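> Got a predicted structure here, sequence first:
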Amino acid sequence: MPFISLLTDFGLEDPYAGIMKGVILSALPEVSIVDLSHHVDPQDLKAAAFLIDASYSWFPKKTVHVIVIDPGVGSSRAIVAMAAAGHFFLAPDNGVLTRVLENATVDALVRVENPHYFIHPVSRTFHGRDIFAPVAAYMAGGKELSNLGPPMPPSELARLELPVPHLSDADSNAPALVGEVVAIDRFGNLITNLEEKRLQQFAPARDLSGLCIDIGGHVIRGLSFAYQSVSPGELLALIGSRGFLEISVNEGNAGRFCRTEKGDCVRVSRLDSS
Amino acid sequence: MPFISLLTDFGLEDPYAGIMKGVILSALPEVSIVDLSHHVDPQDLKAAAFLIDASYSWFPKKTVHVIVIDPGVGSSRAIVAMAAAGHFFLAPDNGVLTRVLENATVDALVRVENPHYFIHPVSRTFHGRDIFAPVAAYMAGGKELSNLGPPMPPSELARLELPVPHLSDADSNAPALVGEVVAIDRFGNLITNLEEKRLQQFAPARDLSGLCIDIGGHVIRGLSFAYQSVSPGELLALIGSRGFLEISVNEGNAGRFCRTEKGDCVRVSRLDSS
Amino acid sequence: MPFISLLTDFGLEDPYAGIMKGVILSALPEVSIVDLSHHVDPQDLKAAAFLIDASYSWFPKKTVHVIVIDPGVGSSRAIVAMAAAGHFFLAPDNGVLTRVLENATVDALVRVENPHYFIHPVSRTFHGRDIFAPVAAYMAGGKELSNLGPPMPPSELARLELPVPHLSDADSNAPALVGEVVAIDRFGNLITNLEEKRLQQFAPARDLSGLCIDIGGHVIRGLSFAYQSVSPGELLALIGSRGFLEISVNEGNAGRFCRTEKGDCVRVSRLDSS
């Protein structure tokens, strides 16, 4: 059974996502389409890059993941179709696949250029309807990527400069690992770019309970296992379901509690050195 | 054909609902998944308890209704799988099934404890993905609840203290039936916890036109049959589609008109005694 | 394979859309249901009339398009089932089909009156659940419209007075074509009611580059091919994906830039006469 997931910044007020589904179903009636999200902030490529990487592997193998965050629609930016990690991806070549590429091996990659698979006339403003939707249906039908256009070396793909955690005061006796908040979810959980294994490398004796987290002056000593490890209303840090450090308030909203915004800095130090 | 409905407080901005669908479809590709709502206010168990009870019976028999409003995720709270009224329910044991239990007979009930049906490692913060989704797929596949864990008597299920209508001034010659607003919908309709049959018992000669409704000082004499029974912009009361007293403004918004909030009190008296 | 699209003003916070799907799937388990939008502003028939006309043709032929923007629910307004342009439509007879009727030939039209196809008791406030959903399932199952009720001449359908572009100062040497903004999308694109062919008729030598657009005092000279034709942050006009004049800001939000609201006037003049 063919599957397509959709990740866009279209929202659900306008008919854009619905129209894409209409086009897909016209070409491949038996496909099952899942909305990953249509609420990426308009043109926020960084957020989309983290979101697709955290999500795709939970779908059935061979799912076609269609990503339409596309500030360059109508320009000369390419559209790419990629096979990696047992899944397919269809996206503008604007860096939105950066995180996926860091964590998966590319098995096939082509520029989507063959107009035979497009809807004509191709509009200048809605490639989601005229290119992404019919090409996604083609891909979900199990056909060859090579028909879509010329092969492309993965090294030529556009990459975003994503925030990378770095060591601060590395040579002092109180070094810190500095990351940032890459997403704040509906519950106010602060999702950082600090991966569990990176924290383990940094922690004394690889023990996360030996870490101290500072977010905007709020200090958290040690990591918790679950929200209920602290009292309601209290701040905590834990390894979230994406495998990254998250900061939360039990039965509360850490984003409001700490007045945090996306991009704010998170500083991790060692308890024994502080 | 298997069906699953989803009721969560995840919202649609984050990928949580989409990821749950990916996991479900990985296990049961042919299932049809319906979003009941993902916009329950975070951790609002009362609202969810009313919502699932008002909704589940409209789905095909044997639908698995998955409810993930789960402030206790990662704690020792149980997860339960239940068969009742021809439907299946999968929910945390936190009282969210309270209203369903008031109105339906339980045919089977188990604690979901068998890790064979979970995704491992089970995270401490996203049981929707690691437990609810794979177990829902198992249940929708028509398998035995008894494999999921030990049976549990319905009397042991957690219950919410939901607002219950009560008589006020019962011994006076002007008694009142006092309920409250349990939901305000997108149109500003005020949905109360006063059921039609309860109103009939209270009304003179079981005639609802003999009732007088007071909501925050706004007084409505008698019940209407439809919104158009009054002029545009006017307040009215009627029995809504859920079988409960609702207060509306024809072509308007009663919530804004009456400045009502969830939990506000609604007072019903008899016209002949006022 | 049967398809149903849903266009309502129900929003997604309440269970109304989910309940409609439950009813549809109970009657026709194999149907594929697509949300066109549930976020039409409450009771905004004009917006819905434009939206359904811009969208329906992108769906598979024989899709049943169900439109529940229905301020008259419970009154004597009719419900109509229509076959036109290879698609089916089910809607209240309140003018929401006005734009579809301007652009398509009606093949069959009936008043939906046969209670055999309704869910009983029919509520006075939620015909979406009690009439539209079961009748849509019936229609998507490929059955005869004529069983639903008596035929109706298309001329008797209610029509909205939609904003129509008009010539201003037609007899002067500086005539203007005056339209209005009928929708503002999530990106802040201003979608007007000025169709490409209407602009071509008005333009000198049918050349759209010879036009000058005035929106709230902001003047745009000529039309662009794509957003990137101007610098980021700059205003532009182009023919959007619906075939109408749209006003945008490259990588920005024209609605906020021009402080435009739905219904605001757009004035097109000829460059050579200004």
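Cool, the structure landed.
> So which bits of the stretch 51-200 of chain A are right by chain C?
A:71-75, A:123-126, A:129-130 (C-beta under 8 Å from any C-beta of the partner chain). Placement of C-beta: from N, CA and C, glycine included.
> As JSON lines, the residues you listed with pLDDT, distance to residue A:83 and neighbour count would be great.
Shown next, in JSON lines, are those (pLDDT from 0 to 100; distance: C-beta to C-beta, whole Å; neighbours: other C-beta atoms under 10 Å in any protein chain shown):
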{"residue": "A:71", "pLDDT": "89", "distance to residue A:83": "25", "neighbour count": "19"}
{"residue": "A:72", "pLDDT": "87", "distance to residue A:83": "23", "neighbour count": "19"}
{"residue": "A:73", "pLDDT": "88", "distance to residue A:83": "24", "neighbour count": "23"}
{"residue": "A:74", "pLDDT": "83", "distance to residue A:83": "27", "neighbour count": "19"}
{"residue": "A:75", "pLDDT": "84", "distance to residue A:83": "26", "neighbour count": "16"}
{"residue": "A:123", "pLDDT": "93", "distance to residue A:83": "28", "neighbour count": "21"}
{"residue": "A:124", "pLDDT": "90", "distance to residue A:83": "29", "neighbour count": "20"}
{"residue": "A:125", "pLDDT": "92", "distance to residue A:83": "29", "neighbour count": "22"}
{"residue": "A:126", "pLDDT": "96", "distance to residue A:83": "26", "neighbour count": "23"}
{"residue": "A:129", "pLDDT": "98", "distance to residue A:83": "24", "neighbour count": "22"}
{"residue": "A:130", "pLDDT": "97", "distance to residue A:83": "23", "neighbour count": "20"}
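> Now render those residues as CSV, adding distance to residue B:243.
Output for these, formatted as CSV (distance: C-beta to C-beta, whole Å):
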residue, distance to residue B:243
A:71, 49
A:72, 53
A:73, 49
A:74, 52
A:75, 56
A:123, 48
A:124, 52
A:125, 47
A:126, 44
A:129, 42
A:130, 47
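> Dump those residues to a markdown table, plus distance to residue A:243 and secondary structure.
Formatted as a markdown table, those follow (distance: C-beta to C-beta, whole Å; DSSP: H, G, I helix; E, B strand; the rest coil):
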| residue | distance to residue A:243 | secondary structure |
| --- | --- | --- |
| A:71 | 29 | coil |
| A:72 | 31 | coil |
| A:73 | 33 | coil |
| A:74 | 37 | coil |
| A:75 | 35 | coil |
| A:123 | 39 | coil |
| A:124 | 40 | coil |
| A:125 | 37 | coil |
| A:126 | 36 | coil |
| A:129 | 35 | helix |
| A:130 | 37 | helix |
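> Closest one of these to residue C:261?
The shortest approach to residue C:261 among those belongs to residue A:125, at 21.8 Å (C-beta to C-beta).
> Do I have it right that that closest one meets residue C:226?
Yes. Applying C-beta atoms under 8 Å, one finds residue A:125 in contact with residue C:226, separated by 7.1 Å.
> Quick one: neighbours of residue A:137, just the number.
A total of 24 residues lie near residue A:137 under the criterion other C-beta atoms under 10 Å in any protein chain shown.
> again, but for residue A:30
Residue A:30 has 11 nearby residues by other C-beta under 10 Å.
> How about residue A:54?
For residue A:54, using other C-beta under 10 Å, the count is 21.
> Helix, strand, or coil at it?
helix (DSSP: H, G, I helix; E, B strand; the rest coil).
> Residue C:245 versus that one, what's the distance?
Distance, residue A:54 to residue C:245, by C-beta to C-beta, to the nearest Å: 40 Å.
> which is the next helix or strand following the helix or strand hosting residue A:108?
According to DSSP states H and E, residue A:108 maps onto strand A:106-111. Moving toward the C-terminus from strand A:106-111, the next helix or strand (DSSP H and E) is helix A:127.
> Show residues contacting that following helix.
A:68, A:70, A:73-74, A:79, A:92 (C-beta atoms under 8 Å, 6 or more residues apart in numbering or on different chains).
> what's the following helix or strand after that helix?
Assigned by DSSP H and E, the successor of helix A:127 is helix A:133-140.
> roughly how far out does that following helix sit from the chain middle?
Averaging C-alpha positions (C-alpha atoms, centre = their mean, to the nearest Å) puts helix A:133-140 22 Å from its chain's average.
> returning to that earlier point: enumerate the positions of the strand holding residue A:108 that are buried.
A:106, A:109-111 (16 or more other C-beta atoms under 10 Å in any protein chain shown).
> Was I right to think residue A:25 contacts residue C:33?
No. Using C-beta under 8 Å, residue A:25 makes no contact with residue C:33, being 10.7 Å away.
> joint contacts of those two?
Common neighbours of residue A:25 and residue C:33, using C-beta under 8 Å, 6+ apart, are residue C:3.
> what about the helices in chain A?
Along chain A, counting by DSSP state H, helices occupy A:16-27, A:45-55, A:98-103, A:127, A:133-140, A:196-202, A:254-258.
> Comparing those helices, which comes out most buried?
Looking across the helices of chain A with neighbours counted as mean count of other C-beta atoms under 10 Å in any protein chain shown, the highest average goes to helix A:133-140: a mean of 26.
> Against which helices or strands is that helix packed?
strand A:3-8, helix A:16-27, strand A:64-68, strand A:79-84, strand A:87-92 (3 or more C-beta pairs under 8 Å, 6 or more residues apart in numbering or on different chains; DSSP states H and E).
> just how off-centre is the shortest one within its chain?
The chain centre lies 12 Å from the centre of strand A:64-68; the measure is C-alpha atoms, centre = their mean.
> How about that strand and chain B, touching?
No. Interface with chain B: strand A:64-68 contributes nothing (C-beta under 8 Å from any C-beta), its closest point being 9.9 Å away.
> tally of neighbours for residue A:162?
So residue A:162, with other C-beta under 10 Å, has 16 neighbours.
> picking that back up, next, show the common contact partners of residue A:125 and residue C:226.
Taking C-beta under 8 Å, 6+ apart as the criterion, residue A:125 and residue C:226 both touch A:73-74, C:238.
> how about low-confidence regions in chain A?
Within chain A, the ranges that satisfy pLDDT under 70 run A:273-274.
> Tell me how it divides into domains.
Chain A breaks down by automatic domain parsing into domains covering A:3-156, A:166-270.
> tell me which residues of the strand ranked longest in chain A are tucked away?
Longest strand in chain A by number of residues (criterion: DSSP state E): strand A:176-184. By 16+ other C-beta under 10 Å, the buried positions in strand A:176-184 come out as A:176-184.
> Would you give the sheet partners of that strand, along with the direction of each?
Strand A:176-184 has the following strand partners under DSSP bridges: strand A:166-168 (antiparallel), strand A:190-195 (antiparallel), strand A:265-270 (antiparallel).
> Pipe these into CSV and attach mean neighbour count per row.
What follows is these, written out as CSV (neighbours: other C-beta atoms under 10 Å in any protein chain shown):
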stretch, mean neighbour count
strand A:166-168, 12
strand A:190-195, 23
strand A:265-270, 20
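> Can you redo those as TSV, where the extra columns are distance to residue B:159?
As requested, the strands paired with strand A:176-184 are arranged in TSV below (distance: least, C-beta to C-beta, whole Å):
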stretch	distance to residue B:159
strand A:166-168	51
strand A:190-195	34
strand A:265-270	40
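> Who are the contact partners of the residue of the stretch 151-274 of chain A found nearest chain C?
At 12.8 Å from chain C, residue A:186 is the closest residue in the stretch 151-274 of chain A, using C-beta to the nearest C-beta. Residues in contact with residue A:186, defined by C-beta under 8 Å, 6+ apart, are B:9-11, B:13-14, B:42.
> same question, residue A:9
Here residue A:9 is in contact with A:38-44, A:48, A:68-69, C:186 (C-beta under 8 Å, 6+ apart).
> No further queries at this time; thank you.
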